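K.L.:
Sequence first, then the predicted structure:
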Amino acid sequence: MTIEKIKFGTDGWRAIIAQDFTVYNVARVAKGQADWLLKNFSNPSVVVGHDCRFGGELFTEITARVLCANGIKVLLAKGFISTPMISLGVLKLQAQQGVVITASHNPPSYNGYKLKGAHGGPSSPKDIAAVEALIPEEVNMPAQSLQYWEEKGMLQYIKLEDMYVSYLQEKFNFDALSKSPFKIAYDSMFGAGQNVVRRVLPGAVLLHCDENPGFHGQAPEPLDKNLQELSKTIASTPELKIGLATDGDADRIGLFNEAGEFVDAHNIILLLIHYLHKYKGLTGKVVIAFSVTDRVKKLCEHYGLPVEVTAIGFKYISEIMINDDVLVGGEESGGIAVKGHIPERDGVYDGLLIYEFMQATGKTLKELCEEVYAIVGYFSYDRKDLQIDNDKKNAIIKKAEGDGYTAFGKYQFNRVEKIDGVKYHFTNGGWAMLRASGTEPLLRVYAEGNSKEETADILNEVMKTILA
């Protein structure tokens, strides 16, 4: 029998539960991680936890048992936690690494294994590759229970949620936020942000803040199409002026303005740069993934801030944040990190910053977006995820990488970039991009135009061309 090689994608190893994401395969990954830790540290410790997905507790338990059996001390979170909680825990408890059992925004049939570094963010691409190379084909399954390892002093239970809430209380004035005339609604998408928001914003209107490991059959990804109930709730409730949503492990963000209109990650990145630099006087480099709008470059040029573009995968952004003075680091998918916090995506933290921005200025989210548009101009963005067979997907990407496309209908392009996927810059100022997903069997088609209609038209023309 051929043993499947386990590969980490843009953000951890993810696979379908009971198909490839099995107790045995998780034990293999944990063994590879243990070998890497022992090779690089003396007396290493690891913070371990899981989000709300199906099987989280089971997969966390086998991870902890394998690590303990191989001489690694485990600091184990009880109950579900968010990814940022693990990252903060690793930093505060001075552990060498962290593990989150999560498949983030993927459909409910998936689970995954994310690695976190001692700096409080994703492990570096180099370290992830080194762990991956050490994953064995076979592993001895440990017989000892968690209680056995706790009695031996190799396992300790920790309260990550309490630690994270205390940390937020140091960073934000929740008394002021609770008196805000701008009332907030929050949709956890049945994910790991629900308890924290309930604790720090007790006046928030809560949606889907109960445990449902199947997420009611929907991928917990904070996109407009997945959040229509939140949109309608805001549009029909005059006192609600902002809607916040986070994904399954609460490291990604989506927002809605007072009209119930979706505010995507591109706009949130722009708002955070605008707030932190213009209003708070902070400086630093802005780091964006390849799929983020070029309007970020325009805003940074206006403020005299340097910009760096990375391949897609937050681990690349985080690595720069460890070594450089970074103001904001962000991805198109809603993962954003900011100065003054850990070098990690954090949907709850980012949402609180935007809420604080509204409170500090007395302006609505729509008005704050208008401030940004006054500098960079209005734009509209959208993305389609095409589920097509791998042969077709690979053929499209190969053709794009080989400069096989010369135009998309009436849209001519004058510049092509190939940092990660292929990005076409149109003569009208818009762009389109083709990229295969690193975690799912999807071809992603991205587009930006000067209006919603133009963006929809660009997407249609691109899809018509590539699927012909």
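P.N.:
Thanks, I have the structure now.

K.L.:
Where do the helices of the stretch 101-250 of the chain begin and end?
P.N.:
For the stretch 101-250 of the chain, helices defined by DSSP state H, counting those that start in this stretch occupy the ranges 125-133, 146-151, 160-171, 174-178, 194-200, 228-235.

K.L.:
go on, the stretch 301-450 of the chain?
P.N.:
Using DSSP H, counting those that start in this stretch, helices in the stretch 301-450 of the chain cover 314-323, 347-361, 365-376, 390-401.

K.L.:
List the buried residues in the third one.
P.N.:
Buried residues in helix 365-376, counting neighbours by 16 or more other CB atoms under 10 Å, are found at 365, 368-369, 372, 376. Yep, even glycine has a C-beta here, placed from its N, CA and C like the rest.

K.L.:
Can you name the residues in contact with it?
P.N.:
241-242, 255-259, 261, 263, 267, 270-271, 274-275, 295, 298-299, 302, 354, 357-358, 361, 363 (CB atoms under 8 Å, 6 or more residues apart in numbering).

K.L.:
could you check the angle helix 347-361 makes with that helix?
P.N.:
90 degrees (axes from the mean of the first three to the mean of the last three CA atoms, to 10 degrees).

K.L.:
any idea of the mean pLDDT for helix 365-376?
P.N.:
Averaging pLDDT along helix 365-376 gives 98.

K.L.:
Also the second one?
P.N.:
The predicted model assigns helix 347-361 a mean pLDDT of 98.

K.L.:
quick one: it to chain centroid distance?
P.N.:
Centroid separation for helix 347-361 versus its chain: 18 Å, with CA atoms, centre = their mean, to the nearest Å.

K.L.:
So which elements touch that helix?
P.N.:
helix 160-171, helix 174-178, helix 194-200, strand 240-246, strand 253-256, helix 265-274, strand 336-338, helix 365-376 (3 or more CB pairs under 8 Å, 6 or more residues apart in numbering; DSSP states H and E).

K.L.:
Using CSV, write out every CA atom in the second one.
P.N.:
Once side chains and other backbone atoms are set aside, the C-alpha atoms of helix 174-178 remain, and they are given as CSV (Å, rounded to 0.1, in the frame of the first residue of the first chain):
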residue,chain,number,x,y,z
PHE,A,174,-14.3,48.6,26.3
ASP,A,175,-16.1,51.0,28.5
ALA,A,176,-16.0,53.6,25.7
LEU,A,177,-16.9,51.0,23.1
SER,A,178,-19.9,49.9,25.1
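
K.L.:
Give me the buried positions along it.
P.N.:
Leu177.

K.L.:
And that helix, what does it pack against?
P.N.:
helix 347-361.

K.L.:
Just the buried positions in the helix it packs on, please.
P.N.:
By 16+ other CB under 10 Å, the buried positions in helix 347-361 come out as 347-359.

K.L.:
next one: stretch 13-29
P.N.:
13-15, 17, 21-22, 25-29.

K.L.:
That one spans what distance, first to last residue?
P.N.:
Start-to-end span of stretch 13-29 (CA to CA, to the nearest Å) is 9 Å.

K.L.:
Can you name the residues in contact with that stretch?
P.N.:
4, 6-7, 54-55, 58-59, 62-63, 66, 101, 103-104, 106, 109-113, 131, 135-139, 141, 439-440.

K.L.:
Of the residues you listed, which count as buried by neighbour count?
P.N.:
Here, 16+ other CB under 10 Å leaves 6, 54-55, 59, 62-63, 66, 101, 103-104, 106, 109-113, 131, 135, 139, 439-440 buried among those.

K.L.:
With the flanking residues excluded, which residue is spatially nearest to Pro213?
P.N.:
Nearest residue to Pro213, sequence neighbours excluded (CB to CB, 6 or more residues apart in numbering): Phe54, at 3.9 Å.

K.L.:
what's the distance between that neighbour and Cys209?
P.N.:
The gap separating Phe54 from Cys209 is 18 Å, by CB to CB, to the nearest Å.

K.L.:
Inside strands: which ones of the buried residues of stretch 13-29?
P.N.:
By the criterion of DSSP state E, membership of those in strands covers 13-15.

K.L.:
Kindly indicate which of those residues lies nearest Arg444.
P.N.:
Arg14 (15.8 Å; CB to CB).

K.L.:
That closest one bridge partners, please.
P.N.:
Gly112 (DSSP bridges).

K.L.:
Likewise for Val46?
P.N.:
Beta-bridge partners of Val46, as defined by DSSP bridges: Val74, Gln97.

K.L.:
ok, it - how many residues close by?
P.N.:
Other residues near Val46 come to 26 when the count uses other CB atoms under 10 Å.

K.L.:
quick one on the thing from earlier: could you say which one of the helices and strands packed on helix 347-361 comes nearest to Asp324?
P.N.:
Across the helices and strands packed on helix 347-361, closest to Asp324 is strand 336-338 (CB to CB), at 12.4 Å.

K.L.:
Could you give me the buried positions within that closest one?
P.N.:
Applying 16+ other CB under 10 Å to strand 336-338 flags 336-338 as buried.

K.L.:
between the residues you listed, which is nearest Val200?
P.N.:
Val338 (17.2 Å).
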